[in-house]
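# Fold the stuff below for me.
(one chain, ligands or ions: 2)
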Amino acid sequence: MPKVLVSDPIDQVGIDILSQVATVDVKTTLSPEELIQVLPEYDAIMIRSGTKLTKEAVEAGKNLKIIGRAGVGVDNVDVPTATRMGIVVVNSPEGNTIAAAEHTLAMMMSLSRFIPAANASLKGGKWDRKSFTGVEVYKKTLGILGLGKIGSHVATVAKSLGMRILAYDPFLTAERAEKLGVHLVELEILLREADYITLHLPKTKETAHLINADRIAIMKDGVRIINCARGGIIDEIAIAEAIKSGKIGGIALDVFENEPLEADSGLRELGANVILTPHLGASTEEAQTNVAVDVAEQIRDVLLGLPARSAVNIPGLRPDVWQKLKPYLQLAEMLGNLVGQLAGGRVDTLNVKLQGEIANSESQPIVVAALKGLLSPALRERVNFVNASIEAKERGIHVTETRDPSVEDYSGSIHLTAHGSQGQQEVTGALLGKSEIRITSINEFPINVAPTHYMLLTLHRDMPGIIGRIGSLLGNFNVNIASMQVGRRMVRGEAVMVLNIDDPLPSGLLDEIVHIQGVTDAFVVKL
Ligand SMILES: NC(=O)c1ccc[n+]([C@@H]2O[C@H](COP(=O)([O-])OP(=O)(O)OC[C@H]3O[C@@H](n4cnc5c(N)ncnc54)[C@H](O)[C@@H]3O)[C@@H](O)[C@H]2O)c1
Ligand SMILES: O=C(O)CC[C@@H](O)C(=O)O
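Ligands and ions are numbered 1, 2, ... in the order given. As a prediction, the model looks like this:
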């Protein structure tokens, strides 16, 4: 049974799903060093935001097939390293959207009415009504940075509270903003006009310290800022200064540059207009159930050899599409492997042509499968659907795609052309019935071969006796022939022969075959 490590607190429902297919170890207090030590044992790991899967940690996970992040942000995972290692990284893009949006709205209201400070004051024995006169959000301007899933829900609710909404999101279409009743504006306009600013973007190189001293300077005096997205998008030192100077009227932070927030952080010292929560945006019962189910199901599926629906480093395929494409993915992988072995040396370009009924299908997974096959003789189990494109790119393999719906020999077929240091090789394959794989041409010689583990291919002149000589040679070396196919375009012209053989070819035999008169080339293929 595969082993799954759960290293952050996850709802029991997720653990129950994982237990259907794996042995599950829940260890939520591991230090970074302990994590690195235990990771090699596991096939999968499920985390929230607490576990940091650094480069070193991911590299330690030599047997990992999947990293499941029960939440949205994968900034605590070194995704490029996981991708290079062929590890699928999945998240739950929508499971906690509502929770994070509602936390944001609660923060906005709490900032406006000093609810945390008033509560603390009352519980501290006072009856102080003077210190906590708030403001209304009605008719105020809310500036939303990042109008994705969470930002959009915040916008919808805030509109119903009577707020005017401005948004900055360079990747969003005007139509989408219009649908939400939001004015899409430049960042500077938003910063100048907003009474409240809320952040809902990912932490990236571009968004790091997006809110800094210079940008704070152009904001309205008394602006209130909420960050339930990611620590580090706001410069915490600049914001603390602006609170002390009175430039900023209030700030509510759920996320911090360093988490957990340091015990001696200056932010903890600030007054009633600063609200801090310990990364609670996703902490609702509903969201935790959603993300646990969403991610545990994906880990279960991947461990069962099925695709993941929300992989961040592999093109996602809906299960129904995957079911339809699955035989073609196997076909493309086999053809990639075959053409790579025929090409022999370095491959510089690979063209993937989708023909017949699959000409209009999603091509990317088929291309990835062909690349996986092409690279597997060299990289073996190191290459998979996650890293095949990257590995191909790093090797300088230029990939092109073409489509030809008019090819009607088979319902759907795939044609690969590999060009490299030893010339060009072409193979075509199709499905017989729904899933039986056939090689239907090699270098334009028509054949109909069911691929097997060991095959011998010859290019030879079509003349009497030549097949017999090859057969006798194999017999002399005790190699059993399971079946044979010859393809030719004209009688006594060039021909290709494919022999399915039961045993590997003994060393030296290929050389003898190539030296038979009339044989121009011979290849041993192992699929
Ligand atoms: N506090 C929590 O517990 C909690 C919970 C869930 C999500 N989050 C965080 O909230 C954030 C938003 O999550 P989401 O689910 O709405 O993501 P999303 O991908 O749906 O939306 C992000 C939006 O940001 C926009 N964006 C990206 N780069 C930008 C830039 N440079 N400037 C302006 N806009 C930019 C994108 O176009 C997108 O529309 C993420 O950082 C996520 O990790 C936090
Ligand atoms: O794990 C959590 O509770 C936080 C999740 C949140 O930050 C996210 O990005 O989804």
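# switch to C-alpha atoms for all contacts and neighbour counts from now on
Noted.
# Contact residues of the stretch 1-150 of the chain facing ligand 2?
The stretch 1-150 of the chain has residues 48, 49, 71, 72, 73 near ligand 2, with proximity defined as C-alpha under 6 Å from any ligand atom.
# now do 8 Å
Within the stretch 1-150 of the chain, the residues that sit near ligand 2 (C-alpha under 8 Å from any ligand atom) are 47-50, 69-74, 92-93, 96-97, 100.
# quick one: which of the residues you listed sit in strands?
Among those, DSSP state E puts 47, 69 in strands.
# Please spell out the ChimeraX selection for the buried subset of the residues of the stretch 1-150 of the chain next to ligand 2.
One line in ChimeraX is enough to select the buried ones among those; burial here means 16 or more other C-alpha atoms under 10 Å:
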select :47,48,49,69,70,71,72,73,74,92,93,96,97,100
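# burial measure for residue 466, as a count.
16 (other C-alpha atoms under 10 Å).
# Can you tell me how far the residue nearest to it when sequence neighbours are not counted is from ligand 1?
Once flanking residues are discounted, residue 466 sits nearest to residue 518: 7.2 Å by C-alpha to C-alpha, 6 or more residues apart in numbering. The span separating residue 518 from ligand 1 equals 62 Å under the rule C-alpha to the nearest ligand atom, to the nearest Å.
# Residue 438 now?
For residue 438, the distance to ligand 1 equals 42 Å [C-alpha to the nearest ligand atom].
# same thing with residue 491?
62 Å.
# Verify the contact between that residue and residue 461 for me.
No. The criterion here is C-alpha atoms under 8 Å, and residue 491 misses it with residue 461 at 9.5 Å.
# Pick out the residue of the stretch 301-450 of the chain closest to ligand 1.
Per C-alpha to the nearest ligand atom, residue 312 is where the stretch 301-450 of the chain lies closest to ligand 1, at 11.4 Å.
# Could you point out the longest helix of this protein?
Using DSSP state H, we find that the single longest helix of the chain is helix 319-343.
# Which neighbouring elements make contact with it?
If contacts are counted by 3 or more C-alpha pairs under 8 Å, 6 or more residues apart in numbering; DSSP states H and E, helix 319-343 sits against helix 364-379, strand 412-420, strand 423-432, strand 436-442, strand 519-526.
# if we go to 6 Å?
With contacts taken as 3 or more C-alpha pairs under 6 Å, 6 or more residues apart in numbering; DSSP states H and E, helix 319-343 sits against helix 364-379.
# which of the residues in the helix or strand that the helix it packs on is followed by are buried?
Helices and strands here follow DSSP states H and E; after helix 364-379, the next one along the chain is helix 388-394. Within helix 388-394, the residues that count as buried by 16+ other C-alpha under 10 Å are 388, 389, 390, 391, 392.
# Likewise for stretch 350-364?
Going by neighbour count (16+ other C-alpha under 10 Å), the buried part of stretch 350-364 is 350, 351, 352, 353, 354, 355, 356, 357, 358, 359, 363.
# now, the most widely separated pair of these?
350 and 357 (21.3 Å; C-alpha to C-alpha).
# The worst-scoring helix or strand of the chain on mean pLDDT: how far from the chain's middle?
Here the helix or strand of the chain ranked lowest by mean pLDDT, DSSP states H and E is helix 174-179, holding a mean of 86. Distance of helix 174-179 from its chain centroid, counting by C-alpha atoms, centre = their mean, to the nearest Å, is 27 Å.
# Over to stretch 122-141?
Mean-position distance between stretch 122-141 and its chain equals 46 Å (C-alpha atoms, centre = their mean).
# on that earlier part again, can you tell me which of the buried residues of helix 388-394 is closest to residue 208?
Ranked by distance to residue 208 (C-alpha to C-alpha), the buried residues of helix 388-394 are led by residue 390 at 26.5 Å.
# Please list all residues in contact with the closest residue to ligand 2 within the stretch 251-400 of the chain.
Relative to ligand 2, the nearest point of the stretch 251-400 of the chain is residue 282 (4.8 Å; C-alpha to the nearest ligand atom). When contacts are counted by C-alpha atoms under 6 Å, 6 or more residues apart in numbering, residue 282 touches 96, 99, 100.
# Grab the nearest non-local neighbour of the residue in the stretch 401-527 of the chain that ligand 2 sits nearest to.
Among the residues of the stretch 401-527 of the chain, residue 401 lies closest to ligand 2, at 35.8 Å counting by C-alpha to the nearest ligand atom. Closest residue to residue 401 apart from its sequence neighbours, by C-alpha to C-alpha, 6+ apart: residue 352 at 4.8 Å.
# Can you pull the phi/psi pair for residue 405?
Backbone torsions for residue 405, taken as degrees, to the nearest 10, come to phi -70, psi -10.
# so what pLDDT did it get?
Note on residue 405: pLDDT of 93.
# wait, which of the residues of the stretch 1-150 of the chain next to ligand 2 is closest to ligand 1?
Taking C-alpha to the nearest ligand atom as the measure, residue 73 is the one of these closest to ligand 1, at 3.5 Å.
# How about that closest one: what's its closest non-neighbour residue?
Among residues not flanking residue 73 along the chain, residue 202 sits closest, at 7.2 Å (C-alpha to C-alpha, 6+ apart).
# Could you tell me how many residues sit around that neighbour?
Here the number of neighbours of residue 202 (other C-alpha under 10 Å) works out to 19.
# repeat for residue 240
A count of neighbours around residue 240, defined by other C-alpha under 10 Å, yields 18.
# so it is in which element?
Assigned by DSSP H and E, residue 240 falls within helix 236-245.
# now that helix: mean pLDDT?
98.
# Flag every buried residue along that helix.
Neighbour count says helix 236-245 has 236, 238, 239, 240, 242, 243 buried, by 16+ other C-alpha under 10 Å.
# Adding distance to ligand 2, write those out as TSV.
Output for the buried residues of helix 236-245, formatted as TSV (distance: C-alpha to the nearest ligand atom, whole Å):
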residue	distance to ligand 2
236	18
238	23
239	21
240	22
242	26
243	25
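# Looking at those residues, spot the one nearest ligand 1.
Distance to ligand 1, by C-alpha to the nearest ligand atom, is smallest for residue 236 among those, at 16.2 Å.
# Just want to check the distance between the closest one and residue 110.
For residue 236, the distance to residue 110 equals 20 Å [C-alpha to C-alpha, to the nearest Å].
# what kind of secondary structure is residue 473 in?
The three-state assignment at residue 473 reads helix, by DSSP: H, G, I helix; E, B strand; the rest coil.
# Report the contact partners of residue 308.
residue 298.
# Give me the distance between it and residue 99.
Distance of residue 308 to residue 99, given as C-alpha to C-alpha: 24 Å.
# Would you mind confirming that residue 501 is in contact with residue 482?
Yes. Contact criterion C-alpha atoms under 6 Å: residue 501 and residue 482 qualify, at 5.3 Å.
# Who has more neighbours out of these two?
Neighbour comparison, residue 501 and residue 482: the larger count goes to residue 501, with 19 against 12 (by other C-alpha under 10 Å).
# What residues are bridge-paired with that one?
With DSSP bridges applied, residue 501 shows beta-bridge pairing to residue 454, residue 481.
# residues in contact with it?
Residue 501 makes contact with 454, 455, 480, 481, 482 under the criterion C-alpha under 6 Å, 6+ apart.
# what about the second one, how many residues close to it?
Residues lying near residue 455 (other C-alpha under 10 Å) number 23.
# try residue 186
Using other C-alpha under 10 Å, residue 186 has 13 other residues around it.
# Quick check: pLDDT value at the residue nearest to it when sequence neighbours are not counted.
Nearest residue to residue 186, sequence neighbours excluded (C-alpha to C-alpha, 6+ apart): residue 168, at 6.0 Å. As predicted, residue 168 sits at a pLDDT of 96.
# Was I right to think residue 168 contacts residue 147?
No. Contact between residue 168 and residue 147 fails when scored by C-alpha under 6 Å: they sit 7.2 Å apart.
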